[in-house]
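# I need the structure of the sequence given here:
(chains A and B)
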Amino acid sequence: MNSLNVSLPGLELKNPIMPASGCFGFGREFSQLYDLSQLGAIMIKATTFEPRFGNPTPRVAETSAGMLNAIGLQNPGLEKVVNEELVWLEQFDVPIIANVAGSQEEDYIEVARKISASPNVHALELNISCPNVKTGGIAFGTIPEIAKNLTKKVKEVSEVPVYVKLSPNVTNIVEMAKAAEGGGADGLTMINTLVGMRIDLKTGNPILANKSGGLSGPAIKPVALRMIYEVSQQVSLPIIGMGGIESAEDVIEYFYAGASAVAVGTANFVDPYVCPKIIGELPELIEKLGYEHISECTGRSWKKLEKTAHYCS
Amino acid sequence: MIRQENCKVISQIKLAENIYELTLQGELVHEMKEPGQFVHLKISEGYDPMLRRPISIAEISPDESQFKMIYRAEGRGTALLSEKKPGDYTDVLGPLGNGFPISEAGRGNTALLVGGGIGVPPLYELSNQLVNRGVKVIHVLGFQSAGAVFYEENFARLGETYLATADGSAGTKGFVTDVINRLNIDFDVLYSCGPTPMLKAIENQFPHKKAFLSLEERMGCGIGACFACVCHTGDDPEGFSYKKVCSDGPVFKAGEVVL
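Now for the predicted structure:
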């Protein structure tokens, strides 16, 4: 039997593993390596209304157990994403989650309206948490009232469910999650990157041309787990978890924290085959841990388990 | 086609100050098409370093399923790589990128190959392939000092070879462009790999010549998905059009991208 299929608002996933936005482009590069139809879903690179070139280079810097990036939402713009990238992706049997970004409210709304009408886009990921753009982006993700209003307006125009991507760069993550829920979000994705910096010893300057960038990779996994643990107990929305996932064990840890699906980001750069590898390893691990289906794992770290009660009686 | 393979270390030789030649064996050698392509190495199994390291291919030997890389042990990743011993294995993703177009130089043509520092290695396989095509090759290689020079004799076996060093301890004191000017070298095609200021100088000096330049940039994925290593295009220097160094390059026609 299939122990991996998951149903979420707008998404019937054959498995809960998907590449995270910004780490997979629009899939073309990875399609040279494996059949993208194996994936549960694909979170495509953030799309803005106008094309964006992004930041000057260097755009990446390595850190202990992680990396910093400051790409700056480079993308070909709404029209090309809808008419070229999404059309190209239709050849694969995989639902697309479109990451929607902008620097002002109208941008988000226009992108959400048009991109949600594409036949293979099954959900939106509202990017209110990119740390690498000067205007908009993270401001929408750090002030609860602004996040709530934006979510509401995007919900009004979107033809598919809306997942709000939360920033960890806030004092109170639960407050932000509740704001998204209050705005009518159908789900949450968390977490985006943590703002960080590295400095070059020779020049004395920050390595990234943008100076600061978003920290991702295994280094941020404990932060993400703690936030999902807190949020999943306080809001009733399903959570797609992300941050440093690179193995089947990591996936189960995220489910235990409260996630219902997960996204794999930085690990795609280290091992380009990591997503199919994890998908292949999960059924055995689930069985070994004594579950019939992966969905039984969601919230295991804080839920009173019926199974445990049964065994005790 | 791109492959991922654990390749066996055949030899590791120190060539000059912090410069190593590493020979690996693996089936992915048979996917290597052009000189100037690179491989992406996962050097450590853990998180230090976590990301792969892009390293250019210096020589391809399909008969033995082997290839050589020449690299400078500078950061954490390459320092660890220099500790690999024969019989060890290393995780290789490749071949990646597009290399130097050898078909641009025909039999009887003269190709000028200009390398700077750790940009010299890919020119060696290039020179080999050009010589096999009946192309006359001239090499101008720049290094910091005599202690950093490598492969001078290997290049000399293939064609005329001139050195430039920053401190004058070997060859001409100064830059590779000083050597080219002094000798007034005539050529049909120019191929170059090295630091960006050197590539800029070459591009400016020969605006009407056929020239191909190999760029270096910090990379994430190495396959074109992460958008870390992009540059503007020559025909739209301020706009939205771009090339990715890893998957559109690393070799570009002079003028194709903004250096």
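
# Now do the residue of chain B most remote from its centre against residue B:259, distance only.
Going by C-alpha atoms, centre = their mean, the residue of chain B most distant from its centre is residue B:239, 28.6 Å out. As judged by C-beta to C-beta, to the nearest Å, residue B:239 and residue B:259 stand 17 Å apart. Any C-beta I mention is one placed from the backbone N, CA and C, and that applies to glycine too.

# and the stretch 1-150 of chain A, which residues reach chain B?
Within the stretch 1-150 of chain A, the positions adjacent to chain B are A:22-25, A:28-30, A:32-33, A:45, A:51-54, A:57-62, A:64-67, A:69, A:71, A:74, A:76-77 by C-beta under 8 Å from any C-beta of the partner chain.

# what mean pLDDT does stretch A:112-119 have?
Here stretch A:112-119 scores 98 as its mean pLDDT.

# Other residues contacting it?
Defining contact as C-beta atoms under 8 Å, 6 or more residues apart in numbering or on different chains, one finds that stretch A:112-119 is touched by A:47, A:78, A:81-82, A:86, A:90, A:96, A:98, A:100, A:121, A:124, A:126, A:154, A:157-160, A:162.

# mind redoing it with 10 Å?
Residues from elsewhere that reach stretch A:112-119 (C-beta atoms under 10 Å, 6 or more residues apart in numbering or on different chains): A:10, A:44, A:47, A:49, A:78-79, A:81-83, A:85-87, A:89-90, A:96, A:98-100, A:102, A:121-124, A:126, A:150, A:153-162.

# Where do the domain boundaries of chain B fall?
Under the assignment automatic domain parsing, the domains of chain B span B:3-96, B:102-214.

# what about the first one, near chain A?
Yes. Residues of domain B:3-96 are located near chain A by C-beta under 10 Å from any C-beta of the partner chain, namely B:3-4, B:40, B:42, B:46-53, B:75-77, B:91, B:93.

# among these, which ones are buried?
Buried by 16 or more other C-beta atoms under 10 Å in any protein chain shown: B:3, B:40, B:42, B:47, B:49, B:50, B:51, B:52, B:53, B:77, B:91, B:93, out of these.

# May I see those organised as JSON lines, with secondary structure added?
Shown next, in JSON lines, are those (DSSP: H, G, I helix; E, B strand; the rest coil):
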{"residue": "B:3", "secondary structure": "strand"}
{"residue": "B:40", "secondary structure": "strand"}
{"residue": "B:42", "secondary structure": "strand"}
{"residue": "B:47", "secondary structure": "coil"}
{"residue": "B:49", "secondary structure": "coil"}
{"residue": "B:50", "secondary structure": "coil"}
{"residue": "B:51", "secondary structure": "coil"}
{"residue": "B:52", "secondary structure": "coil"}
{"residue": "B:53", "secondary structure": "strand"}
{"residue": "B:77", "secondary structure": "helix"}
{"residue": "B:91", "secondary structure": "strand"}
{"residue": "B:93", "secondary structure": "strand"}
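
# can you tell me which two in those are farthest apart?
B:3 and B:47 (24.2 Å; C-beta to C-beta).

# my guess is the residue farthest from the centre of chain B contacts residue A:76, does it?
No. Applying C-beta atoms under 10 Å, one finds residue B:239 not in contact with residue A:76, separated by 11.9 Å.

# residues in contact with the residue farthest from the centre of chain B?
Residue B:239 is in contact with A:51, A:53, B:232, B:233, counting by C-beta under 10 Å, 6+ apart.

# now those residues in TSV, with distance to residue A:117, secondary structure and pLDDT?
Putting these into TSV (distance: C-beta to C-beta, whole Å; DSSP: H, G, I helix; E, B strand; the rest coil; pLDDT from 0 to 100) gives the following:
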residue	distance to residue A:117	secondary structure	pLDDT
A:51	20	coil	96
A:53	26	coil	95
B:232	32	strand	96
B:233	31	strand	96
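
# Let me know the closest of those to residue A:189.
residue A:51 (24.2 Å).

# Around that closest one, count how many other residues there are.
For residue A:51, the number of neighbouring residues by other C-beta atoms under 10 Å in any protein chain shown comes to 19.

# Low-confidence stretches in the chain?
Unless you meant another one, I'm taking chain A. For chain A, the stretches with pLDDT under 70 are A:1, A:131-138, A:305-313.

# at 90 instead, please
A:1-2, A:103-104, A:129-141, A:304-313 (pLDDT under 90).

# Please, where are all the strands along it?
A:6-8, A:11-13, A:17-19, A:42-47, A:60-63, A:66-69, A:96-100, A:121-127, A:162-165, A:187-190, A:194-196, A:213-216, A:239-242, A:261-264 (DSSP state E).

# Is it possible to get CSV of the domains of chain B that adds mean pLDDT?
As requested, the domains of chain B are exported to CSV (pLDDT from 0 to 100):
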stretch, mean pLDDT
domain B:3-96, 96
domain B:102-214, 97
